[in-house]
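> Sequence and predicted structure, then a few things I'm wondering about:
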Amino acid sequence: MSEAATPVEGLSRNNQLVLDALSRSKGPMSAYQLLDALRDKGLRAPPQVYRALKWLSGHGLVHKLQSANAYVACSHVACCGGAHQHAASTVFFLCENCGAVEEKSDSAFNQALSAIAKDIGFAPQTTAVEVSGICALCRAA
């Protein structure tokens, strides 16, 4: 992602700053990387960033990548300003070489995952699958 996020109605200044920074980032960012990037814009304490990340995550505007302990802007923010309804399962493809992250959702994958969960009597609340490897651009280089 390379552009600032589309302004989302109802965002506080800090939330918009964090969302913009993640939207411009070429890869996931940790809370402390965000703090460093936004210090000159007035964010000076970790709680400011963590509060923004919590709010943005709760509203589906950013995703936390557990394996990296870092955040990415939802790829749907640019097209619908956060009004996108997320699928039951989201798959994140993380490039080990360049750090790029691709967010995808697929109905067949969602159905297969739901069927597996049902077979074992499991009721998933949220599902995010992280797949690490090498992206097409890095493989082509």
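Nice, I can see it. Residues are numbered from 1 along each chain as shown.
> if I look at A112, how far off is E130?
Going from A112 to E130 by C-beta to C-beta, to the nearest Å gives 17 Å. No exception for glycine: its C-beta is placed from N, CA and C like everyone else's.
> For the two, indicate the residue with more neighbours.
E130 (15 against 12; other C-beta atoms under 10 Å).
> Touching, that one and T90? I think so.
No - with contact defined as C-beta atoms under 8 Å, E130 does not reach T90; the gap is 9.6 Å.
> which regions of the protein sit below the pLDDT cut-off?
When residues are selected by pLDDT under 70, those of the chain lie in 1-7, 77-88.
> Surely P46 is in contact with L34?
No - P46 lies out of contact with L34 (C-beta under 8 Å); the separation is 9.5 Å.
> These two - which one has more neighbours?
Taking neighbours as other C-beta under 10 Å, P46 and L34 compare with L34 leading, 24 against 12.
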